[in-house]
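In: predicted coordinates and the sequence they were generated for:
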Amino acid sequence: MNIIEVKDLSFKYPDQEDYSLKGLDFSIEAGELVYICGPTGAGKSTLLHCLKKEIQPCGELTGSIRFKGTDIRMVSPELLVRKIGIVFQDPENQTVMDTVIGEIAFGLENLGLSPSEIRQRMSEVAGYFGIEPLLQKSYRHLSGGERQTVNLCAVLAMRPEVLLMDEPVSQLDPVAQAEFTSMIRRINEEFGMTILISEHNNEDLLASADKVLILDGGRVSWFGPPREVAGKVSAEKDHRALALLPSPVRLFAGAVAHGDPLPLTIKEARQMIRKYPVFRRRETPGPERDDSIRKPAISAENILFAYVSEPGKPVLKSLDLKISEGEFVGIAGGNGSGKSTLLKLLCGLSEPLDGIVRIGDENIKKMKRGAICDKIFYIPQNPLTYFTYDNVGDELFEAAGKGAAGAEKTDAVIDEFRLRPHLKKHPYDLSGGERQKVLLACAVLRNAGILLLDEATKGLDPASRQDLGKMLSQLSGMGKTIVMVSHDLEFMASFAKKCALLFNGSLSALMDTRSFFRDNYFYTTYAKRIFRDILPDVLTIEEVAPDD
Amino acid sequence: MTYFSCLHPLTKAIYYGLLFLCIMVVFDPLAMLLVLAALVLLSPCKETERMKGYGRFFTVLAVTIILINFAFNHRGDHILFYALDRPMTLEALLYGAVSALLIICIILLFQSVSGCIATSEFLYLFRGTIPEMGMLVSMTCGFFQAFAERGAEIGQAVRMKDIEIGNGTLRERSLAGMQIMHVLIGLTLENALTTVMSMKTRAFDMKRRTCGTVYKIRRRDVAFMTVTVLLASVVIAVWVSGIYNFSVYPSIKAAPPGAGTAAFYAAYAGMLALPAYRAGSYKKKMLLQKEGRL
């Protein structure tokens, strides 16, 4: 039985000329897990919002959405609000109450349920998801993963039949992502709940989905079971869609000519490699060996740092780091290992309890803020906290003014970063990738020699990640020193020249990216996991080619 | 979770309501200092670093209020000196100081309320009348802390644009403050859109709300409320009747110390110490229980 039927659905926002959704036609059976993907601006969020009647965006909507055979316009709002639930992207801002127990009860209280029923449902959900120890806690004291779990519980307590999820793991770290993903699978498998989840690139979830819906430019470009879609995308050589599919699919696309199904998981890929040992490492020009002695750009010696709230637990201890001019360094590390703290120390936003940070040869403590800002450009985890102007143009011109960039250079940078169409837009109206571009353009205009990036790839779609990587490599080529801290190992393996691991308060030796990943077994890339004993030097899927 | 937080929402609401009334009615410098001391101890934000941050903010606020009042208010009997032919009086100085104390006390009171009364408790209190009002009151209280946290995050990010409140001339600092406030308001409103959507998708304002948590007024609540009402009545009655009165403006006047004065301060101090006293006795019981003596 179809639980959701979408027929010829089109939607246009009032201030836009083009339709955001164009004639969508698809139906979903009860109990299916549907994975919706597509590049930024493809219409994923708009589609999910259209399916949730209470938050349908204002604009021109044509076509029909049916819930269990009835047009949702004809279903009573009370029934609909119970039967279709939604979890949003940002774990923080979707919470209403200040305690976990209050948040779970919020929807049930709004439905006017009796106190005994509310308590019954709350205890059921809390017990099932193991969040009882969190119930009395304040939201402020939860991690991102815990918050999103509580948001999910708050929706599930209302017992929906359809669960919509708008990029629920994009703001979480990899460990929390994996935990949340397995929770979604569990809900689908154990309760047969219909789930529509939009994501950029969740390799684990796609394999367990019943159907994949690929949106591009507001249209359904592919829809069907994942293996079938992967086969068709590969056969049609749809590279835009292929970029959204898991690494094993991208690896075998075009390589399997015998009508064999494409692998969706690492396990399947490894089995298939044994069957078709046809891969070799692509002969790519490796990074040029550079033996020239470069000046140090930024260094830290014997750093000790602890938060005032926990003085007995140093986050960083005896940390040493030396980065030379023009290097592109990626620093990986687990959650709470002190990656962001390290960046803040490097740009003087925090002060170490002991040790020295130097920019070039100068002690950062003795430098004025203006001088530090001239040399270092810091991109925080939430880029929105950086924008002080109401349009992109003013933001760029301010950076150009401070960096003494002339009109000609400013124009050139705007064109190079393809920002001209966005000059009059508010930074909040840009996508994650576009915001990063604006910040990088500001860094170039500001003429800062050192760029510090905190989790810059968080929430970006594959195309934007590629764009960002290429731009950073280009800037590194221009002599800028880049230090990024990230959980994104695939990105670091593809673009960083050197890597280090932050563990137990100090850094492992800074080594070139290939050496860093060479001996890792768990903490490594998808390609390395697939080819670890076959092509041990391979780091990324792009480095592998089928044998001729 | 403290013992005070565990009391019935109505008990806590009455306590804070009466305390607010006392602060607003009694314009007495010594009493105000007493309130300040109690609120610092009662406030949920006791961590040293936070208090240090608030301390700086409150000092700037107090100095500004005192200076503005001192510069523009010239009434009073005790003239300290003349500036531009205008008398600068001790009364104006004291009046400014007490006003600054009053504002600081109110801010701290709101923080204490937001720390001790959860949103769900606010909604419970207002469920019978208007749920939106409960939500509004609760969000306003919670707003202070969230606003301060987000402000600190923005302050740090824009420091890398050489925008900081801590450095530069007064004009530069004011400009930096305004820029941070601009970002803060924009970001807060942007985030609020998601919160509103989340509320709508979970049936807010669709039906008459119920309350999932069952709150029962117990003997401890009745006792607490009775003592609170009694002590607050003594404070307000003594002050309004003029048995004890200490005014600093337009002239410094104090009633001679006597039984009224003693009753006033004893009642006020008792009211302020009530949560701490109850918490103390609770801890003592816990200790006895742990030692197996109870």
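Out: Arrived safely, thanks for sending. Note that the structure is a prediction, hence the values are computed from the model and not measured.

In: what is the end-to-end distance of stretch A:134-144?
Out: Using Cα to Cα, to the nearest Å, the end-to-end distance of stretch A:134-144 comes out at 13 Å.

In: that one close to chain B?
Out: Yes. With Cβ under 8 Å from any Cβ of the partner chain as the criterion, chain B is reached by stretch A:134-144 at A:Gln136, A:Arg140. C-beta coordinates here come from the backbone N, C-alpha and C atoms, glycine included.

In: mind listing what's buried in that stretch?
Out: A:Leu134, A:Leu135, A:Lys137, A:Ser138, A:Tyr139, A:Leu142, A:Gly144 (16 or more other Cβ atoms under 10 Å in any protein chain shown).

In: most widely separated two among these?
Out: The distance between the two most remote of the buried residues of stretch A:134-144 (Cβ to Cβ) is 18.4 Å, for A:Leu135 and A:Gly144.

In: now, which of the buried residues of stretch A:134-144 lie within helices?
Out: A:Gly144 (DSSP state H).

In: which one of the buried residues of stretch A:134-144 sits closest to B:Val240?
Out: A:Ser138 (39.0 Å).

In: which pLDDT value goes with residue 137?
Out: Using chain A. You'll see A:Lys137 listed with a pLDDT of 84.

In: that's the wrong chain, I wanted chain B
Out: At B:Val137, the model reports a pLDDT of 69.

In: for A:His501, pull up the helix or strand it's in.
Out: Actually, residue A:501 is Leu rather than His. In the assignment (DSSP states H and E), A:Leu501 maps to strand A:498-503.

In: an error on my part: the question was meant for A:Cys373.
Out: helix A:369-375.

In: which outside residues touch that helix?
Out: A:347-348, A:359-360, A:364, A:402-403, A:446-450, B:159-162, B:164, B:167 (Cβ atoms under 8 Å, 6 or more residues apart in numbering or on different chains).

In: likewise stretch B:237-248?
Out: By Cβ under 8 Å, 6+ apart, the list of residues contacting stretch B:237-248 reads B:25-30, B:91, B:94-95, B:98, B:253-255, B:258, B:260-261, B:263-264, B:267.

In: now B:Arg208, nearest residue through space, not along the chain?
Out: Computed as Cβ to Cβ, 6 or more residues apart in numbering or on different chains, the closest residue to B:Arg208 that is not its neighbour in sequence is A:Gly112, at 5.7 Å.

In: pretty sure the one you found belongs to a helix, no?
Out: No. Secondary structure of A:Gly112 (DSSP: H, G, I helix; E, B strand; the rest coil): coil, not part of a helix.

In: contacting residues for it?
Out: B:Lys207, B:Arg208, B:Arg209, B:Thr210.

In: so B:Leu34 sits in a helix?
Out: Yes. The assignment for B:Leu34 is a helix, going by three-state DSSP.

In: surely it and B:Gly270 touch.
Out: No. Applying Cβ atoms under 8 Å, one finds B:Leu34 not in contact with B:Gly270, separated by 10.8 Å.

In: shaky segments in the stretch 1-150 of chain A?
Out: Of all residues in the stretch 1-150 of chain A, none has pLDDT under 70.

In: ok, and the most crowded of the contacts of A:Gly112?
Out: With neighbours taken as other Cβ atoms under 10 Å in any protein chain shown, the top of the contacts of A:Gly112 is B:Arg209, carrying 24 neighbours.

In: so which of the contacts of stretch B:237-248 are in helices?
Out: Using DSSP H, the contacts of stretch B:237-248 in helices are B:Val25, B:Pro29, B:Leu30, B:Glu91, B:Leu94, B:Tyr95, B:Val98, B:Gly260, B:Thr261, B:Ala263, B:Phe264, B:Ala267.

In: distance check, B:Leu125 against chain A.
Out: 13 Å (Cβ to the nearest Cβ, to the nearest Å).
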